[in-house]
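Peer 1: Here is my input, please return the structure:
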Amino acid sequence: MMASRFFKTSDTQPGRAPGPPTVTFAQRTSSGRDVNLSRDSLDSDISGLEFPNYTVQIPATPDNQPMDPSMRVDPRMSQRVEEQYVSSSLFTGGYKSVIRAHLMDKVIESETIHPQMAGAKGSSCAVPGCDGKVMSDKRGEDVLPCECDFKICRDCFVDAVKTGDGICPGCKEHYKNTDLAINSVVPGQPLSLPSIIGMSKMERRLSLMKLSNRSALIRSQTGADFDHNRWLFETKGTYGYGNAIWPKDGGLADDKDDETGEPRKLLNKPWRPLTRKLKVPAAVLSPYRLLIFIRMVVLGLFLAWRISHPNEDARWLWFMSIICEIWFAFSWLLDQLPKLCPINRATDLNVLKEKFETPSPANPNGKSDLPGVDIFVSTADPEKEPPLVTANTILSILAADYPVEKLSCYVSDDGGALLTFEAMAEAASFANMWIPFCRKHNIEPRNPEPYFSLKKDPYKNKVRPDFVKDRRRVKREYDEFKVRINGLPDSIRRRSDAYNAREEIKAMKLQRQTAGFEPMEPVKVSKATWMADGTHWPGTWTVPTHEHSKGDHAGIIQVMLKLPSEEPLHGTTVDNNSPLDFTQVDIRLPLLVYVSREKRPGYDHNKKAGAMNALVRASAIMSNGPFILNLDCDHYIYNSQAIREGMCFMMDRGGDRLCYVQFPQRFEGIDPSDRYANHNTVFFDVNMRALDGLQGPVYVGTGCLFRRTALYGFDPPRSKDYHSGCCSCCFSCPKRSLSVSSAPEEHRALRMGDSDDSQMNPSLFSKRFGNSGFLVDSIPVAEFQGRPLADHPAVKNGRPPGALTIPREILDASTVAEAISVISCWYEDKTEWGNRVGWIYGSVTEDVVTGYRMHNRGWRSIYCVTKRDAFRGTAPINLTDRLHQVLRWATGSVEIFFSRNNAFLASPKMKILQRIAYLNVGIYPFTSVFLIVYCFLPALSLFSGQFIVQTLNVTFLTYLLVITLTLCMLAILEIKWSGIALEEWWRNEQFWLIGGTSAHLAAVLQGLLKVIAGIEISFTLTSKSAGDDNDDDFADLYIIKWTSLMIPPITIMITNLIAIAVGFSRTIYSTIPQWSRLLGGVFFSFWVLAHLYPFAKGLMGRRRRTPTIVFVWSGLIAITISLLWVAINPPAGKNEIGGSFQFP
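Peer 2: Numbers count the residues shown, from 1 in each chain. Reported below is the predicted structural model:
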């Protein structure tokens, strides 16, 4: 049976434009009266906003009965029942539509066991005629209120207490306790906060910030108030940068004046930083900077010499070459200058655990004081992004080594596919065994696919005697899990066909009953897609129809795994429900939510950026983690402690000014030779480390830990204390604040723009963030919870220790309904989402633009390179796929150059070298124009018998030698301080030319046509050749897919090969051979061909499987070039090639 709650939209007033739904959250009683259950908006501190409220009408069924407030049932019991209802309901809704909560008996075909999972099975009520489920505790076990253990559901229990005089229907005796006080106070544990029952939503969310008083002394980890400043200036103690330097004699100025004795405790426990900088050795960095300066001088002298010594015999050749060389020098400067300050960093996870998870006076129970993290996983098409890959990514996230109650995972399905939905439900079901197994045996990596595919010994360093048995059982369960995932498309199709056939039979019967003996028309029934509980899937159907297609479907939210309990929940011994022994293992699972935002025709949904912004709003309402980690569906957590590594930077001193922590991208499944530079190590290990020494690395789209308030478009804290000038472009100079803000504590760090009115009141947020009151209320809470720990006088804008140890609020129906509202297609209208707030719209590379906007507001970012790779993903090893990937990146860069995100327009808050780095991001595709011309110059030189210089004299060769040697020495030093291999550096150089002569040129043409003529061109595949080596891990490497991007490189190769042959022939048969000109042209032709070698090797495929079209194009290009040159410069005389041949 399925019950529904309807969130009805109120009527629109005449004369007003339709707006967002304005309804009231209420419950219908047996008499038909609606009881208001909405949040206490009257108590809200923001009274001037328009809140979208919701009416929740509960049908009078055995599953949904009204709760009389006069009953003596513990409020925590009703909250638990509400939470269980929410976790078992599928919420749908959107613009001008009713928001519904579908109570689902089951989410997937298989049975669910874990008590946190949606649709978890429980015991049935023993009352005759009732099919409800018995109340359960956090372990999923039945809660039986009577000593006779009579199984009764919550609704029947309420009826028995209310109308049956409290008599048990089983033993006919009175209930001894009708309060059901599940949780009692544990002796010896302090009560940290008062009860939140009866408090408004705003009061509960802001109650933490009222505990802190910035005018008071900073509370240290010892739990007592201690005046650090007084101790510092009245004793011999001093503070050093990054740590505390305490007196060597161990004494204070006056022991008698020390009333509390706290300094002695502090002496035994000095403050320790969470991170430290590892500077590049001066023996490497100093020569590196010196070589950059030398090469700059040599390039300037060389270009001056080239300009002053033109080739009079071939001035056109000289002019083209000098223009290209000037641009190459400029491009090299843009790429090299940001590398002047490379840096490495290290974290200390032991200090993080000591500060945030060790018992202290402020945290006597040792609960985790770490802030919450919301992890976003985005997917759009299950055909292009296999659900098994996404499911494995989800499993690695759920198994991360981070406090379970502080972790939340949101899966964005932008295609609204039932296949993805059920695959996520299967993953949540398999997590019941996989997550405890990983915790019990400390498994790495925690993605089952790569773990069971490891080639090394899986039993190394494993000492538990049951590991072999557990691993064998989990491996079998995973194989069955994969089979179920692979069989989901067929299962959904067969189920939908069966239900559609049933509906068609019903329609035919109804037609016969109503039509009688009249002729009947064929019955038309929509080919719907059906869920496992026998209801229509509200998203995209297999056979698209109105309101059920990829661009037209309702918003969907399903809580796959509800919030875990605050206390650890240990498993049981081996039984029917637990095939493995998890008695000493915490079996709780993090919150897992499936989200598919609403899509309607006529709205610009802004692709991935729009989907991420929808997750930002939904997560703010449901969990509101102050930090957000975004991952692509094929990038999984390879290091289970990666989140802790990133949190070390965010929680360290000065961490409140960090907008994000970017992790390097590492890839699996790349061919051993890395033919097309898929690892991209030069960018991730050289450029990004160098940017870390400036204002921070760029955001690359995945593997990034964000500060939520930075995504909201706020300026960094204390931004007014830093001024920018001519000498502060590289270094920020602190400035003494002239005034003390009178803004409330919770609003102190919320600032937008450069106006004097620096602190913003949340009542003004609605114009920027939309009209969701829940979302507005969550902003100061997220800002406060994301602050570093105030355990040192140098920590500004900190929070007191132990402030984040209280439990989170449960999810109720009104909260999820609000989340449905903020993912509606209309919500972003007339707001700043996508403009200043969230991911930025208007570019294919929304990641780079989003990071640029944050740096432009003065934020810093950090590059976190962990000893064990933090994340791993997949990359296209096929040549055509790789070229199209580079094309998309280059197209985004061209869009950035022609937009207001150009680094030329950056604010003074961005450092000069950081601005140069962003300028290079927008300019590098234009190098392709000069690169293609330069690649043809050797062939033109050989064809014409001329060279770019008059003669190969000593001066030219000396300049060429010095420029080449300095480039090689710089490469060696970069390899030294970055740790990359020489082969990786050479592969990057090769693909720089391959991409520059193909994808980058196409991106420039596409960008110019879009800007000048408004024409958008997309380069798509025109023919495919599939490989049949299923057992080869690198079969995709040899698949040839023809694309127009291949034409320029093929033309360059063939032209240079023909030119070499022509040059040799002319020199050999000429009366006076010009060997110097031949050697110069041949040398540069071989330089071009050496860089294009991987491209040529990719065209050859494997075992002579090159498509015929490659040979056809090559032959046509060769013939065309030969005839064209003969027509331009026909040979004459017997000593020339071809004798006396004359072109007709």
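
Peer 1: Quick check: what element follows the longest helix along the chain along the chain?
Peer 2: In terms of residue count, the longest helix belonging to the chain (DSSP state H) is helix 467-515. Proceeding N to C from helix 467-515, the next assigned helix or strand is strand 555-561, under DSSP states H and E.

Peer 1: what sits up against that next one?
Peer 2: Here strand 555-561 makes contact (C-beta atoms under 8 Å, 6 or more residues apart in numbering) with 86-87, 89-94, 107, 114, 116-118, 398, 413, 416, 421, 424-425, 428, 431, 538-539, 589-598, 618, 811, 816, 819-820, 823-824. For every residue, glycine as well, the C-beta is placed using N, CA and C.

Peer 1: Would you mind listing the buried residues in it?
Peer 2: Under the neighbour-count criterion of 16 or more other C-beta atoms under 10 Å, strand 555-561 has 555-561 buried.

Peer 1: thinking again about what came up before, may I see the PyMOL selection of the buried members of the contacts of strand 555-561?
Peer 2: Of those, the buried ones can be selected in PyMOL as follows, counting by 16+ other C-beta under 10 Å:
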select buried, resi 86+87+89+90+91+92+93+94+107+114+116+117+118+398+413+416+421+424+425+428+431+538+539+589+590+591+592+593+594+595+596+597+598+618+811+816+819+820+823+824
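
Peer 1: Tell me which of the contacts of strand 555-561 fall in strands.
Peer 2: Those of the contacts of strand 555-561 mapping onto strands are 89-93, 413, 591-596, per DSSP state E.

Peer 1: residue ranges of the strands in the stretch 751-900 of the chain, please?
Peer 2: Taking DSSP state E, counting those that start in this stretch, the strands of the stretch 751-900 of the chain run over residues 860-863, 871-874.

Peer 1: Single out the most deeply packed of these.
Peer 2: Compared across those, strand 860-863 shows the largest average neighbour count, a mean of 24 (mean count of other C-beta atoms under 10 Å).

Peer 1: roughly how far out does that one sit from the chain middle?
Peer 2: Put simply, strand 860-863 sits 16 Å off its chain's centre (C-alpha atoms, centre = their mean, to the nearest Å).

Peer 1: Which per-residue confidence value corresponds to Ile245?
Peer 2: Per-residue confidence at Ile245 stands at 36 (pLDDT).

Peer 1: Tell me, how many residues neighbour His536?
Peer 2: 16 (other C-beta atoms under 10 Å).

Peer 1: if we can go back for a sec, would you reformat the ones in strands among the contacts of strand 555-561 as CSV and include pLDDT?
Peer 2: Converted to CSV, the ones in strands among the contacts of strand 555-561 look like this (pLDDT from 0 to 100):
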residue, pLDDT
Ser89, 81
Leu90, 83
Phe91, 85
Thr92, 85
Gly93, 84
Asp413, 93
Leu591, 94
Leu592, 94
Val593, 95
Tyr594, 95
Val595, 95
Ser596, 94
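
Peer 1: State the distance from Ile1050 to Thr1043.
Peer 2: Separation of Ile1050 from Thr1043 (C-beta to C-beta, to the nearest Å): 11 Å.

Peer 1: between these two, which one's more packed in?
Peer 2: Thr1043 (22 against 19).

Peer 1: Okay, the more buried one and Ala677: tell me how far apart.
Peer 2: Separation of Thr1043 from Ala677 (C-beta to C-beta): 18 Å.

Peer 1: Also Phe452?
Peer 2: Phe452 is 29 Å from Ala677, where distance means C-beta to C-beta.

Peer 1: hang on, the earlier thing: which member of the buried residues of strand 555-561 is positioned nearest His605?
Peer 2: Taking C-beta to C-beta as the measure, His605 sits nearest to Gly555 out of these, at 11.7 Å.

Peer 1: Quick check: beta-bridge partners of that closest one?
Peer 2: Gly93 (DSSP bridges).

Peer 1: Now Phe1095: which helix or strand?
Peer 2: Using DSSP H and E, Phe1095 falls within helix 1093-1100.

Peer 1: what comes into contact with that helix?
Peer 2: Around helix 1093-1100, the neighbours that count as contacts under C-beta under 8 Å, 6+ apart are 675-676, 879, 987, 990-991, 994, 1037, 1040, 1046, 1049-1050, 1053, 1089, 1106, 1110.

Peer 1: which of these has the weakest pLDDT?
Peer 2: Comparing pLDDT over the contacts of helix 1093-1100, the lowest reading goes to Thr1106, 57.

Peer 1: Pull out the buried positions in stretch 322-332.
Peer 2: In stretch 322-332, counting by 16+ other C-beta under 10 Å, buried: 322, 324-325, 327-329, 331-332.

Peer 1: Next: stretch 528-541.
Peer 2: By 16+ other C-beta under 10 Å, the buried positions in stretch 528-541 come out as 528-533, 535-541.

Peer 1: Just the CA trace of that stretch, in CSV.
Peer 2: The C-alpha trace of stretch 528-541 is given here as CSV (Å, rounded to 0.1, in the frame of the first residue of the first chain):
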residue,chain,number,x,y,z
ALA,A,528,5.3,4.3,-18.7
THR,A,529,8.4,3.3,-16.7
TRP,A,530,7.4,1.7,-13.4
MET,A,531,9.2,1.6,-10.1
ALA,A,532,9.6,-1.5,-8.0
ASP,A,533,6.6,-0.7,-5.8
GLY,A,534,4.3,-0.6,-8.8
THR,A,535,4.0,3.1,-9.3
HIS,A,536,5.0,5.4,-12.2
TRP,A,537,8.5,6.7,-12.1
PRO,A,538,8.3,10.6,-11.9
GLY,A,539,11.4,11.1,-13.9
THR,A,540,12.4,10.3,-17.5
TRP,A,541,10.7,7.3,-19.1
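
Peer 1: Closest to the centroid, which residue in the protein?
Peer 2: The centre of the chain sits closest to Asn630, judged by C-alpha atoms, centre = their mean, with a distance of 1.7 Å.

Peer 1: partners of the helix or strand harbouring it, with directions?
Peer 2: Element membership of Asn630, judged by DSSP H and E, is strand 627-632. Here strand 627-632 has these sheet partners by DSSP bridges: strand 373-379 (parallel), strand 704-707 (antiparallel).

Peer 1: so can I have JSON lines of those showing mean neighbour count and mean pLDDT?
Peer 2: JSON lines is the format used below for the strands paired with strand 627-632 (neighbours: other C-beta atoms under 10 Å; pLDDT from 0 to 100):
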{"stretch": "strand 373-379", "mean neighbour count": "26", "mean pLDDT": "95"}
{"stretch": "strand 704-707", "mean neighbour count": "26", "mean pLDDT": "96"}
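
Peer 1: With respect to pLDDT, which of the buried residues of stretch 528-541 ranks lowest?
Peer 2: By pLDDT, Asp533 ranks lowest within the buried residues of stretch 528-541, coming in at 84.

Peer 1: List phi and psi for that one.
Peer 2: Dihedral pair for Asp533: phi -90, psi 10, per degrees, to the nearest 10.

Peer 1: What's the separation between it and Asp497?
Peer 2: Taken as C-beta to C-beta, the span from Asp533 to Asp497 is 17 Å.

Peer 1: what do you get for Met1046?
Peer 2: Noted for Met1046: a distance of 43 Å to Asp497, by C-beta to C-beta.

Peer 1: In the stretch 851-1000 of the chain, what residue spans correspond to helices?
Peer 2: Assignment of helices within the stretch 851-1000 of the chain using DSSP state H, counting those that start in this stretch yields the ranges 879-897, 912-923, 927-944, 954-978, 982-996, 999-1012.

Peer 1: okay, these in JSON lines with mean neighbour count and distance to Leu301 next?
Peer 2: JSON lines is the format used below for the helices of the stretch 851-1000 of the chain (neighbours: other C-beta atoms under 10 Å; distance: least, C-beta to C-beta, whole Å):
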{"stretch": "helix 879-897", "mean neighbour count": "22", "distance to Leu301": "30"}
{"stretch": "helix 912-923", "mean neighbour count": "22", "distance to Leu301": "23"}
{"stretch": "helix 927-944", "mean neighbour count": "22", "distance to Leu301": "20"}
{"stretch": "helix 954-978", "mean neighbour count": "15", "distance to Leu301": "7"}
{"stretch": "helix 982-996", "mean neighbour count": "19", "distance to Leu301": "24"}
{"stretch": "helix 999-1012", "mean neighbour count": "20", "distance to Leu301": "29"}
